[in-house]
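# model this:
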Amino acid sequence: MIKPQTIEITPGIPIEQQYDSFTVARFGWLIIRHLESMLSDKNDEIDSILETLGEIDELGTDDSYLVRSGYFAGTIIRDKTIIRGASPLNFLEIRDHLYFQRVYLFDADDLFIIHEKIACRTTPTRRVEKMDSMSSFSFILNIAEKYSLLAANGKILTLVDQQSKMILPPKLASKIVGTLGGDSLLAEFEVSQKRWIYQRNKLALVADHDTIVSYIA
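Residues are numbered from 1 along each chain as shown. Now for the predicted structure:
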């Protein structure tokens with residue numbers, strides 16, 4: 001599979017106004033890496049760079065920020081580092097772009113984005129809410145020290161590699177979680193392709209260039 005090496009981004013304009021939903025999702029890892037590089041190089045444009053990701057709120061007083069809307073909702077920005085999250089796209093926005101990619105289906109409404117010290121929950125409107133406590137996720141926090149997690153119904157759906165900024169395919173994530181002793185925490189998926197999908201009310205992870213997070217309403 002050949003991945004692109006560059007992508008044109010205009011700071012200050014939400015990325016979903018610059019590209020269609022499928023392009024944003026397919027190249028999400030590349031977009032994040034490009035913006036993170038821009039944060040390091042352009043101190044006078046930090047606000048506009050952050051606004052490219054979506055609606056931004058400050059977290060506390062340590063110059064940390066949370067992306068609250070758009071595909072990158074649940075992403076944290078701290079010390080010019082982007083800690084990637086994701087909020088599900090409507091599956092209908094990407095379906096026509098799919099061919100034979102595997103689609104991992106899981107029966108859940110809410111998606112949780114779990115970073116090492118912060119957990120967020122998505123809402124039906126594709127916004128995120130920061131959770132006041134992480135106590136309900138204490139059983140998987142040892143894994144979150146190395147990766148960010150996408151979870152639902154108390155199960156790990158997949159991992160976000162914060163070095164590459166890629167959302168890992170569930171099959172690869174399961175191997176990593178297994179080596180960390182977390183087999184019992186893994187979600188069990190129904191694996192399909194777009195032509196066979198008739199289900200509703202499912203989270204759908206599409207194994208593409210980057211794993212695409214979506215929801216079938």
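
# Break this protein down into its domains, please.
Annotated domains of the chain cover 15-87, 90-216 [automatic domain parsing].

# Columns distance to residue 6 and mean pLDDT on top of the ones you listed, output as JSON lines?
Bear in mind the C-beta positions are built from the backbone N, C-alpha and C, glycine included. Output for these, formatted as JSON lines (distance: least, Cβ to Cβ, whole Å; pLDDT from 0 to 100):
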{"stretch": "domain 15-87", "distance to residue 6": "8", "mean pLDDT": "91"}
{"stretch": "domain 90-216", "distance to residue 6": "14", "mean pLDDT": "90"}
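
# Can I get those domains in a markdown table including mean neighbour count and distance to residue 7?
As requested, the domains of the chain are exported to a markdown table (neighbours: other Cβ atoms under 10 Å; distance: least, Cβ to Cβ, whole Å):
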| stretch | mean neighbour count | distance to residue 7 |
| --- | --- | --- |
| domain 15-87 | 19 | 5 |
| domain 90-216 | 17 | 12 |
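
# residue contacts, the most centrally placed residue in the chain?
Nearest to the mean C-alpha position of the chain, by Cα atoms, centre = their mean, lies residue 86 at 2.4 Å. Applying Cβ atoms under 8 Å, 6 or more residues apart in numbering to residue 86 gives the contacts 28, 71, 72, 73, 74, 75, 111, 113, 150, 160, 167, 213.

# do you know how far the fifth one is from residue 119?
Residue 74 sits 9 Å away from residue 119 when distances are taken as Cβ to Cβ, to the nearest Å.

# Same check on the first one?
For residue 28, the distance to residue 119 equals 20 Å [Cβ to Cβ].

# any idea which helix or strand carries residue 82?
According to DSSP states H and E, residue 82 maps onto strand 81-83.

# Provide the strand pairings for the helix or strand just after that strand, with the direction of each partner.
With elements assigned by DSSP H and E, the helix or strand that comes after strand 81-83 is strand 89-90. Here strand 89-90 is paired, per DSSP bridges, with strand 211-216 (parallel).

# Not counting the strand it pairs with itself, show me its contacts.
The contact list for strand 211-216 (Cβ under 8 Å, 6+ apart) reads 22, 25-26, 28, 71, 86-91, 93-94, 105, 111, 150, 158, 166-170, 197, 199-206.
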